[in-house]
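[1] here are the coordinates; sequence isn't available:
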DNA sequence: CGAACTACTTAGTAGCCCCTCG
DNA sequence: CGAGGGGCTACTAAGTAGTTCG
């Protein structure tokens, strides 16, 4: 819609200035991240000719057993794409670290208007927020996608600031989202060893807000405006990459090998059509915010299904939990034409055929336990143990220097299970007076021995292992040789639950063939059971699932452990792609979704209000949905399972979150929210106790697609806004920075490495030394100017007589060195709790990355390592103009 | 309906390996 | 050329969500 055009330039500015802040962990860390966005770690990769996914031509069963994996494996044509872009792989490794990027914050000087705006939206708007929103919702959203897209392409929180004023100019943003106040993210890892909040840990950093020193070139070659345009065109152009895709082996294999094709979201031509249709459709319907969101989301796939001639199964309507949500959304909604055509998208696990032929060799079991005979001391005296008892004792002994060894639950659980093996009348009656040191020492010794082996011996050993495992490593799926992921059965051990897991320390017993169910093609030979005299529990021929084998988890007998194909397999690539496509689809509906939930913030129906607020939180904060959990799991929560005590309302409109999320990672974040949300939260809390559910009327609602959508857009946006001309290293830094931001949003954390402190102090020490050098040099310089010889050095030796110029140069050099170390330290500090890998693997649509690499002539293997290249093989021939 | 079951993705981490730096 | 730091891989725990069952 025409309305947008004038607004755009502003938008561009807004983004540049404000967004970044929004995404930071607030507190020092966030600022640091923002300010010194340089990323030190180069992701340099070795050039690897094999980067493409390995796909064999038709492979015979025999190939499975061939000893050379490479011989039979034919590289897909995709590999060549990858290869072609290889460029001086090594060069980059060391240089990458030093390119400082200007940080987004740097720009804040220009942001005056924005600041005003944000305040405006926070305070002034008591009642007007709602009104305004309503009116903005009513705005026809667009007739022509481009302008709108530009907005849409920016993640919600990124837009939080700054758009309000536009409303006053009559350029009302279509999305309510645009008015959301800024998010300040602060995430603190719960960390036994290091409990202080990040904020305090980061005190040392000097330059919050000062790093503006960098010349500010945010408005570089790629002003957002143009980027947005590209986005727009990319949208209508989607077919390009998609079409290309259909040519790829990944798909080829399916179309020519199997008579029944799996319906695919992304590859079917129907989808393309659908894409176009949906974009168009939206322009017509966008104010149709009564349509249940879920239905709108589903609409696209559904229509694609309809169009698709290869569609084989009409999928069922939405799932129960989601249905619930849908229903609730629906309560106040009218039925729209869309609701009728709602069908489930063809996604995994839905009874669809996943393969036609499947051949594999089953799984490999860990070798039987070899008793070592080393005795532990009970009350100071050596104790004889049976091999079984010794095995479990060794498991425990070996964990001596982990945190687990101290944990009460862990010890108790271990003791309970070990005791059963010892028997009631065993000498050992108390764990506390068991001394496992001898076993521990023995183990350390073994490790050392292994280390000391010669390279040749090591190699031989490795080859031996490979030979044994070779045949388990590959499966033939529809005639294509694919890697198997976890073909090794999990060895026995003590359960290492994360956080305060109630079962932590329990014995995870050995899995035997009689625990394992095999899934294999009907006509394929059943794999031989690798342990003589035993047999598989069951053999199935279920081609609606992708697992090759499973067994029941000994810790949680109700749950399963599956053996799947590796991430690089086409089956996985397929669902990966579907995931990204789904999220991409959401783009078309996000307006409506946001409009819908914003409207419901003030709904009379409490359930609806809860849904609205929860959805908002997921959308805005990228929270996990949060399923119900049993008592025998760690006590963690997601959005829908938040407890009253996890959220604190801080006047006038802030919410402070504090809870343990997935993997018992603590999520701490204080966020400004819209007033209605704030009020709603207070209402939800009233009359409840601390550990009551905040959203008591709510079931899990669909969250993850939001998460992806949001992150993709943000990532792409970051990449584009930050990318300017520069050398390879600078570009890599840009990429890594964007990556980091996503990781921060996702709260992807890692434990601080044990040596972190040591490393830091080492660097500090170095700086001090260098500073001393400078002092000395300065003295010498002073003397040299006066024509005096330099002072003797610390050892009393005479130094060379240098010219003042030479001395000056030296001082400069030293200063540079110090700068560099400081930057390194900063970066280390910034990323010490951030795990970059996860987001790269799971959240960043590789096509965004690949397209970006192509546009900026960055060889893809600088960004993706070998396994990522394999995993993302399907994305390699994306069009350079691809936009999410 | 809601709980249970099933399937599959997401995630942190241990430990090895390799590369860099001194 | 040896130590140590960082990167990568393998491993497996911990999520989500669709489907089925009672």
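    Looks like it came in fine. Owing to the predicted nature of the structure, the values given are computational and were not obtained by experimental measurement.

[2] shaky segments in chain A?
    Applying pLDDT under 70 to chain A flags residues A:1-351, A:699-713, A:718, A:720-729, A:793-797, A:820, A:823-824.

[3] 50 instead?
    A:1-349, A:701 (pLDDT under 50).

[4] Strands of the stretch 751-884 of chain A, start to end?
    In the stretch 751-884 of chain A, no segments count as strands under DSSP state E, counting those that start in this stretch.

[5] Kindly report the residues of it close to DNA strand B.
    Residues of the stretch 751-884 of chain A lying close to DNA strand B by CB under 7 Å from any atom of the strand are A:751, A:835, A:837, A:838, A:839, A:841, A:842, A:843. Yep, even glycine has a C-beta here, placed from its N, CA and C like the rest.

[6] Which one of the residues you listed sits in the busiest neighbourhood?
    Counting neighbours by other CB atoms under 10 Å, residue A:843 comes out on top of these with 24 neighbours.

[7] Residue A:741 is in contact with that residue, correct?
    No. Counting by CB atoms under 8 Å, residue A:741 is not a contact partner of residue A:843; they are 11.4 Å apart.

[8] which residues are common contacts for the two?
    Residues touching both residue A:843 and residue A:741 by CB atoms under 8 Å, 6 or more residues apart in numbering: residue A:715.

[9] can you list the domains in chain A?
    Split into domains by automatic domain parsing, chain A comes to A:358-522+A:534-570, A:756-831.

[10] Let me have these in a markdown table, adding mean neighbour count as columns.
    As requested, these are arranged in a markdown table below (neighbours: other CB atoms under 10 Å):
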| stretch | mean neighbour count |
| --- | --- |
| domain A:358-522+A:534-570 | 17 |
| domain A:756-831 | 14 |
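
[11] which stretch among those comes nearest residue A:622?
    domain A:756-831 (19.1 Å; CB to CB).

[12] quick one: terminal-to-terminal distance for the closest one?
    For domain A:756-831, the first-to-last residue distance is 11 Å (CA to CA, to the nearest Å).

[13] any residue of it up close to DNA strand C?
    Yes. Among the residues of domain A:756-831, A:758, A:759, A:762, A:828 lie within reach of DNA strand C under CB under 7 Å from any atom of the strand.

[14] what are the ranges of the helices in the stretch 451-600 of chain A?
    A:455-469, A:570-586, A:590-600 (DSSP state H, counting those that start in this stretch).

[15] want to throw those helices into CSV with distance to DNA strand C?
    As requested, the helices of the stretch 451-600 of chain A are exported to CSV (distance: least, CB to the nearest atom of the strand, whole Å):
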stretch, distance to DNA strand C
helix A:455-469, 9
helix A:570-586, 9
helix A:590-600, 14
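
[16] right, and those helices - which one's nearest DNA strand B?
    The minimum distance between DNA strand B and those falls on helix A:570-586, with 3.5 Å, by CB to the nearest atom of the strand.

[17] and the closest one with helix A:590-600, angle?
    60 degrees (axes from the mean of the first three to the mean of the last three CA atoms, to 10 degrees).

[18] Do you have the helices of the stretch 301-450 of chain A handy? List them.
    Using DSSP H, counting those that start in this stretch, helices in the stretch 301-450 of chain A cover A:320-331, A:337-340, A:387-398, A:408-422, A:437-452.

[19] List the contacts of stretch A:449-456.
    Counting by CB under 8 Å, 6+ apart, residue A:461 sit against stretch A:449-456.

[20] For that stretch, measure first residue to last.
    14 Å.

[21] what do you get for stretch A:665-681?
    23 Å.

[22] hmm, it touching DNA strand B?
    Yes. Applying CB under 7 Å from any atom of the strand, one finds stretch A:665-681 in contact with DNA strand B at residue A:665.

[23] re earlier: need the residues of domain A:756-831 next to DNA strand C in a markdown table with distance to residue A:674, can you?
    A markdown table is the format used below for the residues of domain A:756-831 next to DNA strand C (distance: CB to CB, whole Å):
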| residue | distance to residue A:674 |
| --- | --- |
| A:758 | 45 |
| A:759 | 43 |
| A:762 | 47 |
| A:828 | 37 |
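
[24] Just the ones of the residues you listed in helices?
    A:758, A:759, A:762, A:828 (DSSP state H).

[25] which residues sit in contact with the last one?
    With contacts taken as CB under 8 Å, 6+ apart, residue A:828 has the following neighbours: A:40, A:756, A:759, A:760, A:763.

[26] separation between residue A:825 and residue A:764?
    8 Å (CB to CB, to the nearest Å).

[27] which neighbours do those two share?
    With CB under 8 Å, 6+ apart, residue A:825 and residue A:764 have no common neighbours.

[28] any idea which of the residues of the stretch 751-884 of chain A next to DNA strand B is the one closest to DNA strand C?
    Among these, and counting by CB to the nearest atom of the strand, the member closest to DNA strand C is residue A:837, at 5.9 Å.

[29] Would you mind measuring from that closest one to residue A:458?
    27 Å.

[30] And the helices in the stretch 701-850 of chain A?
    A:704-722, A:728-745, A:756-785, A:804-831, A:836-842, A:846-856.

[31] What is the last one packed up against?
    Packed against helix A:846-856 by the contact rule (3 or more CB pairs under 8 Å, 6 or more residues apart in numbering; DSSP states H and E) you find helix A:704-722, helix A:728-745.

[32] Also the longest one?
    The criterion is 3+ CB pairs under 8 Å, 6+ apart, and the helices and strands that helix A:756-785 contacts are helix A:804-831.

[33] could you give the angle of the helix it packs on to helix A:756-785?
    Going by the same axes, to 10 degrees, helix A:804-831 makes 170 degrees with helix A:756-785.

[34] Out of the domains of chain A, which is closest to residue A:874?
    The nearest among the domains of chain A, by CB to CB, is domain A:358-522+A:534-570 at 7.4 Å.

[35] Can that closest one be said to contact DNA strand B?
    Yes. Contact of domain A:358-522+A:534-570 with DNA strand B (CB under 7 Å from any atom of the strand) involves A:402, A:447, A:458, A:462, A:498, A:542, A:545-547, A:550, A:558-560, A:562, A:564.
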